[in-house]
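> sequence and computational prediction follow.
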Amino acid sequence: MAVLADWLSDEEYRKILEWISPIPFWSKQRDLQRKYRPGAGTWFLESPEFQQWVDGHLKILNCTGIPGAGKTIISSVVVQHLAEHFHTVPGAYVFCDYLSQADRAIENILPSILRQIIQMRGVCSIELRELYKTRMLTGETLSLQETVWFLETCVDQQERVFVLFDALDELDDEKDVLEWVVKMSKSGCVSFMTTSRQSSVLLEDADSVAHVNIRADDTDVRQYVKDLIPGAAKNSPELQQTIIDGICEAVQGMFIIAALHMETLAELGTEGDIRRALLDFSAHGQSLDRLYQKVMNRIAEQPNVKKDVAHRLLAWLTKIRRPLSPAELRHAFAVREGDRRFQTDMLYGMDYLLATCKGLVEIDRESNVVRLVHKTAREFLATHETTTNIEEDIAETCLTYLSFDELLEPVADHDALQALIDHYPFLDYAAISWGYHANDMQKPA
C-alpha cells in the first residue's frame, strides 16, 4: 500500500481520520489517568506474563477479574507504559465500557483501531485517501470488509503493533471481535491484550496466550486510601493507619469497594464516627450490593427535594441512549411540565446534582459527560428501581423541550441551526431520542 504523508495538508489528514472513526478513545485515557496515583499497577507491569507479552514472546495477554477489581485502571496503566517505552510502535486501545450502545458493534470498533494505527504512523495510503474523496460526496463510510483490508494491510507493514481491548465482554459483537483477534494474532506482529470478567473459550484455545487474574493490589489500595484520608482523621496518625488497614482488609480484591468506603468516610465529621464506620465495615458482609444499598440509604436520608433529584438522575443515567454533557443534563433537569420557553432560573448547579448522588455519579472531564461511577453501579440500579415511569419522564422532557416557542420557528441555514443547538444544548438529544424513549415506555417491564 503506497504511503502518502507529505501530500496531505493537516486539515485533510484530520478530516480523513475523523471520517474513518469519530470515537475519541484518547480522551478516555486522559480521564482515566486522573484516577490513579503514580506507581499504580506496578505489580502488573512487573509480572512475568506482562514482561513476556511486551517483549513479543506472547501474542495474547488475556486478563480477567471480578467486577470492580480495577481492570480498566490496569488497562490505562498499560497504555501509558506503552506510550512511554514503546512510543515508536503503533498501537490502538478500545475502552469498551465507555462506548455508547450504538458504538459497541464490530463495524465501529475496527475503524477506531484503524484510525489509531494510522494516526500513530503519521501516514495515510493513497487508496484510503481516494476512497475518502469518493465517499465524502455520498456520505458513506468504510464497510467492514474494507476496514479489515486496510487494517491487515497497515499491520503487514509494521514490525510490531499493540492492540488493547478493555472490558471486551461489554461488546455486542464480542465473538466476532475475538475471532478477528485470534486471526490477527497469527500474523506474527500484532500483540493483543484483553480484559474481561471471564475468559472466552476462543482465547483459551488460542496459540501463544497467557492468562492473568486482576485483583485490587494491596500496595495500590494503601496509596489510594492514604491520599484520601478524611479531614476528621488528619490529626490522628493512629486513626489514619487504622483506616488504611481496615479498608485494605475489606476490599476483597475489588477497588470499587475502597472507593465506596472512602466516599462514606469523607462525609463523617468526627474521629468517633469514623471508628464506628470502620467497625461497621468489618462487622458486616462487604458485597457490592450491600455497599450500593448503603449509599442508596444515605441518599434516602436527604431532604425530599434532594432525594427526588438524586433518584431521578440515577434513573436517567441508566436509561439514556448516550452519555449527556453537564450542559445537556442541566437543561433537561430545568424543564418543567407545560413550559413554553426555557427557564434559566430553573438550572441546577452541577455540583448540587453530583452531591445529591453521594458519589455514584461523576463527570468524565476529558470527554465532558456525566456518568455513573462504575458499571457495577449501573447493574445494581438496573435491579433496584429508584423511580417509576422513567422512560415516560425522559420522553416528555424531550417533547416539552422541543416544543419551546423559539424552537418551533424555521431555521434559515446550518449556521443558524448550530447557533440554536449551542443555545439549547439538550436539543440534539431530544430531537434524536424522544421517539426511542416513547417507544420503550410502551414495552412491558
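Happy to help now that I have it. This structure is a prediction, so every number in the text was calculated from the model and none was measured.
> run through the strands of the stretch 101-250 of the chain in chain order.
Taking DSSP state E, counting those that start in this stretch as the test, the strands found in the stretch 101-250 of the chain are 124-125, 161-166, 190-196, 209-213.
> can I get these in TSV with distance to residue 34 and mean neighbour count?
The way it works is simple: take the backbone N, C-alpha and C, and place the C-beta from them, glycine included. Shown next, in TSV, are the strands of the stretch 101-250 of the chain (distance: least, CB to CB, whole Å; neighbours: other CB atoms under 10 Å):
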stretch	distance to residue 34	mean neighbour count
strand 124-125	32	20
strand 161-166	16	24
strand 190-196	20	25
strand 209-213	25	16
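> among those, which is nearest residue 71?
strand 190-196 (4.2 Å; CB to CB).
> pull up the pairing partners for that closest one, direction included.
strand 60-64 (parallel), strand 161-166 (parallel) (DSSP bridges).
> could I get those in CSV, plus columns for mean pLDDT and distance to residue 343?
Putting the strands paired with strand 190-196 into CSV (pLDDT from 0 to 100; distance: least, CB to CB, whole Å) gives the following:
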stretch, mean pLDDT, distance to residue 343
strand 60-64, 93, 49
strand 161-166, 93, 41
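> now render those strands as TSV, adding distance to residue 277.
Below are the strands paired with strand 190-196 laid out as TSV (distance: least, CB to CB, whole Å):
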stretch	distance to residue 277
strand 60-64	32
strand 161-166	32
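> so which of those strands is nearest residue 81?
From these, taking CB to CB, the stretch that ends up closest is strand 161-166, at 10.3 Å.
> pLDDT wise, what is the spatially closest residue to residue 50 that is not a sequence neighbour at?
Leaving aside its sequence neighbours, residue 50 sits nearest to residue 44 (CB to CB, 6 or more residues apart in numbering; 5.9 Å). We have a pLDDT of 96 for residue 44.
> so how far is the helix or strand where residue 44 lies off the chain centroid?
Using DSSP states H and E, residue 44 sits in helix 42-45. Averaging C-alpha positions (CA atoms, centre = their mean, to the nearest Å) puts helix 42-45 22 Å from its chain's average.
> and what of stretch 145-159?
That offset, for stretch 145-159, works out to 27 Å (CA atoms, centre = their mean).
> pull out the buried positions in that stretch.
The neighbour-count check on stretch 145-159 (16 or more other CB atoms under 10 Å) flags 146, 147, 148, 150, 151, 154, 155 as buried.
> what residues are up against the fourth one?
Spelled out, that is residue 150. Each residue near residue 150 by CB atoms under 8 Å, 6 or more residues apart in numbering is listed here: 1, 114, 125, 127, 128, 142.
> and the fifth one, what does it touch?
Under the criterion of CB under 8 Å, 6+ apart, the neighbours of residue 128 are 16, 20, 118, 150.
> got those as JSON lines, with distance to residue 407 and pLDDT columns?
As requested, the contacts of residue 128 are exported to JSON lines (distance: CB to CB, whole Å; pLDDT from 0 to 100):
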{"residue": "16", "distance to residue 407": "35", "pLDDT": "91"}
{"residue": "20", "distance to residue 407": "34", "pLDDT": "93"}
{"residue": "118", "distance to residue 407": "40", "pLDDT": "90"}
{"residue": "150", "distance to residue 407": "41", "pLDDT": "92"}
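> in helices, which of these appear?
Those of the contacts of residue 128 mapping onto helices are 16, 20, 118, 150, per DSSP state H.
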